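A.B. asks: Could you look at this predicted model? Sequence included:
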Amino acid sequence: MKLTQTDVWRGLAILVVFFVLAWLPVVPGADGWLSIVVPITMYTVLATSWAIFSGPTHYVSLATAAFFGVGSYTLALGLESVPYPLLLLMAAVLGGVMAALVGWATLRLSGVYFVIFTLGLAELIRQVFTWYQNNMGGSRGSYVFTEFTDKHIYWQLLALALLVYLVGWLINRSRLGFAIRIIGGDESVAKHSGINVAWSKIVLFMVSGSVAAVVGAILAPRFVYIEPAMAFNPQLSFMVVIMALLGGTQRLWGPLMGAIPFALVWEFIAANFPAQTTLLMGVAFLLVVFYIPNGISGVLIRWYHQLRAKPGVSHE
Amino acid sequence: MSSSVLLEVRKVVKRFGGLVAINGVSFDVHEHEVLGLIGPNGSGKTTMMNLISGALPATDGYIAMDDKLLTDLPTRKIARAGIARTFQLVKVIPSMTVLENVMAGAVFGHKKLWGQALAVYAERQLERVGLFGISHKPTADLTYIDQKRVELARALASDPKVILLDEWLAGLNPTELQTGIELIRSLRDDGRTVILVEHVMDAIRSLCDRCVVMSTGNIIAQGTPADVLADPQVIEAYLGEDYE
């Protein structure tokens, strides 16, 4: 399909927004802000790429931490010998391959098995890394020494975010995007329409896994010292799910609407109630599912339609 | 009805655990005919449809179309080979618009349409089934009957050789029934082959070139509607003793 004029204007507007955002670190006194802006950007990228797969298919993936950790370790272990950009590429490939294997093994099963499998996967990989480092590596973790500061990490994440939006937009207007919406609607209709259901799901899961692995690689220098418990922290997977659901997965920009407020609130909670974080995360999860099942973006879209419908009532 | 055999069903068996739903069934479907698959509830008609469309794998036996073996092919390949269907319990995607539901049929099969051509083509299928001016409505807003029409339009959009209609006429009022019968007849006139599972006797009599009557997983009669409906075995098993 061709680009419409709206597409062009929207694309330009988004580029301008990213351009402005890119200047943030140079604003005097922005150093303090970056410590919260970096996690927000990170969660936006993770939640958006999560929703590209899980939104239409309704398969809840808890494998984000697994991909993230693999990405972090790719960087940590390869930093001495491989050029940095190549490491990001390797993380993307590893994440994609992992997603393909997991997808091939589990995506034919129903959603419940998939959730459990993905949660177990992160734990399994974490144990393997722990065992390896304890018995072969000689130390518990790895140092990641780079010249990167928060602003470099922020710029990389911002570029990745732009790429994720572009890929998501391209998928949405492709046959694959249409196929995945049909699959999410009714899998037997999809099969009877000639769609390769397993393949479509696997490709999207690979996109999501690749992105999460690259995010892990980009973030590794921020930790300086990484160990399995940090890199494969299951809390990350849950945070991503909550943010994506809070924002809503119907639109590409939905998860952004969840990542910003939740990351801010989370910062506050972590600072003031460090012992109750898991409990509060559970509460947040319940509230989102019960009160805004379509997410903030869903509410915004409804308001928008109501506003537009008002002058048109007489036509109906 | 001397036209060539399009679909061959041979010694097909379907078991669900200990239950034998289809017990070694064989029949032919000829090109450009309307074949009625009739019989009492639970006789295995819908299971037979599911085996033909590939929604379920057969336990034994084979189904072939144009000398191409369909058994053991994944559902999507059977669909791409030119078999489309509607479902007994209507299956549309409520979150999509009417047009999108229909478009689904014409993108992934042997018709690989996309863009403007796809929209125009899907719109035409909607008109074909008698739906006008509702293409951009959410499918969830439609009545049950109109959803059935959307489902048929989706099946037609794939330009199938064989179209399976599972009680598509059920629940229509007399006027709608008449339109429905005309519509199905027009599919045959297009050169398609229609297999329909139906309980509406008027439709069976006026539409079907041949009927296959099933009872508890076996074929008990086949032939023209007039012949099978007069068969004593069919009357006993399906129609009831006092059927005139």
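C.D. replies: Now that the structure is in, tell me what you want to look at.
A.B. asks: For stretch A:97-117, output the C-alpha coordinates as PDB.
C.D. replies: Backbone C-alpha positions of stretch A:97-117 (Å, rounded to 0.1, in the frame of the first residue of the first chain) are rendered in PDB as follows:
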ATOM      1  CA  VAL A  97      17.300 -17.400  17.400                       C
ATOM      2  CA  MET A  98      16.300 -18.000  21.000                       C
ATOM      3  CA  ALA A  99      12.800 -16.700  20.300                       C
ATOM      4  CA  ALA A 100      12.600 -18.900  17.200                       C
ATOM      5  CA  LEU A 101      13.500 -22.000  19.200                       C
ATOM      6  CA  VAL A 102      11.100 -21.200  22.100                       C
ATOM      7  CA  GLY A 103       8.400 -20.300  19.600                       C
ATOM      8  CA  TRP A 104       8.900 -23.400  17.600                       C
ATOM      9  CA  ALA A 105       8.600 -25.500  20.800                       C
ATOM     10  CA  THR A 106       5.700 -23.800  22.500                       C
ATOM     11  CA  LEU A 107       3.600 -21.600  20.200                       C
ATOM     12  CA  ARG A 108       1.600 -24.500  18.900                       C
ATOM     13  CA  LEU A 109       0.500 -25.100  22.500                       C
ATOM     14  CA  SER A 110      -2.200 -23.000  24.100                       C
ATOM     15  CA  GLY A 111      -1.400 -19.700  25.800                       C
ATOM     16  CA  VAL A 112      -1.100 -21.000  29.300                       C
ATOM     17  CA  TYR A 113       1.800 -23.400  28.500                       C
ATOM     18  CA  PHE A 114       3.500 -20.600  26.700                       C
ATOM     19  CA  VAL A 115       3.400 -18.300  29.800                       C
ATOM     20  CA  ILE A 116       4.800 -20.900  32.100                       C
ATOM     21  CA  PHE A 117       7.500 -21.900  29.600                       C
END
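A.B. asks: Spell out which residues of chain B are next to chain A.
C.D. replies: Among all residues of chain B, those adjacent to chain A (criterion: CB under 8 Å from any CB of the partner chain) are B:53-55, B:74-77, B:79-80, B:84-85, B:87, B:91-96, B:100, B:103-105, B:107-109, B:114-116, B:154, B:158. Heads up, the C-betas are built off the backbone N, CA and C, glycines and all.
A.B. asks: Could you rerun that using 7 Å?
C.D. replies: Taking CB under 7 Å from any CB of the partner chain as the measure of proximity, chain B contacts chain A at B:53, B:55, B:75-76, B:79-80, B:85, B:91, B:93, B:95-96, B:104-105, B:107-109, B:114-115, B:158.
A.B. asks: spatially speaking, which residue is in the middle of chain B?
C.D. replies: Against the mean C-alpha coordinate of chain B, by CA atoms, centre = their mean, the closest residue is residue B:164 at 1.6 Å.
A.B. asks: Buried subset of the residues of chain B next to chain A, written for ChimeraX?
C.D. replies: Buried subset of the residues of chain B next to chain A, written as a ChimeraX selection, criterion 16 or more other CB atoms under 10 Å in any protein chain shown:
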select /B:53,55,75,76,79,80,85,91,93,96,104,105,107,108,109,158
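A.B. asks: returning to that earlier point: give me the sheet partners of the helix or strand hosting the residue nearest to the centre of chain B and which way each runs.
C.D. replies: Using DSSP states H and E, residue B:164 maps to strand B:162-166. Sheet pairing of strand B:162-166 (DSSP bridges) gives strand B:83-85 (parallel), strand B:193-197 (parallel).
A.B. asks: in the helix or strand just after that strand, what's buried?
C.D. replies: Once strand B:162-166 ends, the next helix or strand along the chain (criterion: DSSP H and E) is helix B:174-189. In terms of neighbour count (16+ other CB under 10 Å), helix B:174-189 has its buried residues at B:177, B:180-181, B:183-184, B:187-188.
A.B. asks: how long is stretch B:213-225 end to end?
C.D. replies: From the first residue to the last, stretch B:213-225 extends over 10 Å; the measure is CA to CA, to the nearest Å.
A.B. asks: Please spell out which residues along it are buried.
C.D. replies: In stretch B:213-225, the ones that count as buried by 16+ other CB under 10 Å are B:213-215, B:217-222, B:225.
A.B. asks: One more: stretch B:129-139?
C.D. replies: Applying a neighbour-count criterion of 16+ other CB under 10 Å, the buried positions in stretch B:129-139 are B:129, B:131, B:134-135, B:139.
A.B. asks: Looking at these, spot the one nearest residue A:54.
C.D. replies: Of all these, the one with the least separation from residue A:54 (CB to CB) is residue B:139, at 23.2 Å.
A.B. asks: could you list every residue that touches the closest one?
C.D. replies: Counting by CB atoms under 7 Å, 6 or more residues apart in numbering or on different chains, residue B:139 touches B:92-94, B:96-98, B:101, B:147, B:150.
A.B. asks: go again using 10 Å as the cut-off
C.D. replies: By CB atoms under 10 Å, 6 or more residues apart in numbering or on different chains, the residues touching residue B:139 are A:185, B:92-102, B:146-147, B:150-151.
A.B. asks: top of those by neighbour count?
C.D. replies: Of those, residue B:102 is surrounded by the most neighbours, 33 neighbours in total, counting by other CB atoms under 10 Å in any protein chain shown.
A.B. asks: Next up, identify which helix or strand that one is on.
C.D. replies: helix B:98-103.
A.B. asks: Confirm for me that residue A:197 is in contact with residue A:203.
C.D. replies: No. Residue A:197 lies out of contact with residue A:203 (CB atoms under 10 Å); the separation is 11.2 Å.
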